[in-house]
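**Q** Here is the input, now give the coordinates:
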Amino acid sequence: QVQLVENGGGLVQAGGSLRLSCAASGRTFNNYPMGWFRQAPGKEREFVAAIRWSGGSRNYADSVKGRFTISRDNAKNTVYLQMNSLEPEDTAVYYCAASLHPGIYTPINTYEYDYWGQGTQVTVSS
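**A** Residues are numbered from 1 along each chain as shown. Okay, here's the model as predicted:
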C-alpha cells in the first residue's frame, strides 16, 4: 500500500520558517516527479511547487517564488519543502503528492498526480 506521510507543519509567526517533509512508502518514486499543494479554508487546492525525478528541474507558484524551496532525497524516498519569510497568506493545509507521469517534468495540476498525503497544517500568525 502506497503512503505519503507529511511532517513539519505547525504555528509560526510571520517572517518565520518551516521545513515540511514527505516520506513515501509502499513503492519508490525515484523516477517520477513529486510536488506540494496547499488548500486554505474555503478555497480550492492550489499548486505550490514541483520537482523532477532527478531534482534538476523545479517549478514554483508565483506566490512562493524566492521564499520556498523544494528538494528531494531519492535515497530516502522523501521530498522536502523549505518555507522562508512566511506570510499569513501562506496559512493552509499542505499536501504532498506523487505523480506517475514521467513525461511531465514538473506537474502543476492536481489531476496529474496519482498519490496524495493526508496533509499537514501550517498556520502563520501576523
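
**Q** what's the closest non-adjacent residue to the spatially most central residue of the chain?
**A** Nearest to the geometric centre of the chain sits Trp36, at 2.1 Å (C-alpha atoms, centre = their mean). Closest residue to Trp36 apart from its sequence neighbours, by C-beta to C-beta, 6 or more residues apart in numbering: Val48 at 4.3 Å. Placement of C-beta: from N, CA and C, glycine included.

**Q** State the helix or strand in which the residue nearest to the centre of the chain lies.
**A** Per DSSP states H and E, Trp36 falls inside strand 34-39.

**Q** Please export the C-alpha coordinates of that strand as PDB.
**A** Coordinates of each C-alpha in strand 34-39 appear next as PDB, following Å, rounded to 0.1, in the frame of the first residue of the first chain:
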ATOM      1  CA  MET A  34       6.700  15.000  -6.800                       C
ATOM      2  CA  GLY A  35       5.000  18.100  -5.700                       C
ATOM      3  CA  TRP A  36       3.400  20.200  -2.900                       C
ATOM      4  CA  PHE A  37       0.000  21.700  -3.000                       C
ATOM      5  CA  ARG A  38      -2.000  23.700  -0.300                       C
ATOM      6  CA  GLN A  39      -5.600  24.400   0.500                       C
END
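
**Q** Tell me which residues are up against that strand.
**A** Contacts to strand 34-39, defined as C-beta atoms under 8 Å, 6 or more residues apart in numbering, come from residues 20, 22, 24, 45-51, 70, 72, 79, 81, 90, 92-99, 106-108, 110, 113, 119, 122.
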